[in-house]
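> A structural model of the following input is requested.
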Amino acid sequence: MDDSFEIPVLYKGQDLHFTSRLLVSGYTHKIEVDVNGTPVQFEPDEERNYRAIVDAEKVISTHKIDAALLKAIAQAIESIVK
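Numbering: from 1, shown residues only. Alright, predicted model coming up:
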């Protein structure tokens, strides 16, 4: 069974789609998003806004991820969840 889903994001005038999956742990959850081959986890903060958590070693070894893209993905997640 495939538990992945697509998150549509409008970024710099382009419609992008990122493969994602829901990670549930106890009373909380994270959404893991494949951003150009780098797994990025988004988790809700105290105000239910999503923040990105990136493993620094993976970013350094692969490539730099645009912070504005991460913000656009977080906003897309928030618009779906809220």
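> From E57, how far off is the closest residue to I77 other than its chain neighbours?
In space, I77 comes closest to Y50 once its chain neighbours are excluded; the distance is 4.9 Å by Cβ to Cβ, 6 or more residues apart in numbering. C-beta: built from backbone N, CA, C; applies to glycine. For Y50, the distance to E57 under the criterion Cβ to Cβ, to the nearest Å works out to 22 Å.
> neighbour count winner among these two?
Per other Cβ atoms under 10 Å, whichever of Y50 and E57 has more neighbours is Y50, with 21 against 8.
> thought that one was touching A72?
No - shown here, Y50 and A72 do not form a contact pair, counting by Cβ atoms under 8 Å, at 11.3 Å.
> sorry, back to before: mind pulling the model confidence for the residue nearest to I77?
Among the per-residue scores, Y50 shows a pLDDT of 95.
> what residues are up against it?
Applying Cβ atoms under 8 Å, 6 or more residues apart in numbering to Y50 gives the contacts I31, F42, E43, P44, A74, I77, E78, V81.
> Quick one: buried ones out of those?
Neighbour-count burial (16 or more other Cβ atoms under 10 Å) is assigned, among those, to I31, F42, P44, A74, I77.
> Before we go further, the fourth one is sitting in a strand, right?
No - under DSSP: H, G, I helix; E, B strand; the rest coil, A74 falls outside any strand and is assigned helix.
> Listing partners with orientation, what would you give for the top strand by length along the chain?
In the chain, taking DSSP state E as the definition, the longest strand is strand 14-25. Within its sheet, strand 14-25 is paired with strand 4-11 (antiparallel), strand 28-35 (antiparallel), according to DSSP bridges.
> got CSV for these, with mean pLDDT and distance to A67 too?
What follows is these, written out as CSV (pLDDT from 0 to 100; distance: least, Cβ to Cβ, whole Å):
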stretch, mean pLDDT, distance to A67
strand 4-11, 96, 12
strand 28-35, 94, 11
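> Could I get those strands in JSON lines, plus columns for distance to A68?
Written out in JSON lines, the entries for the strands paired with strand 14-25 read as follows (distance: least, Cβ to Cβ, whole Å):
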{"stretch": "strand 4-11", "distance to A68": "8"}
{"stretch": "strand 28-35", "distance to A68": "12"}
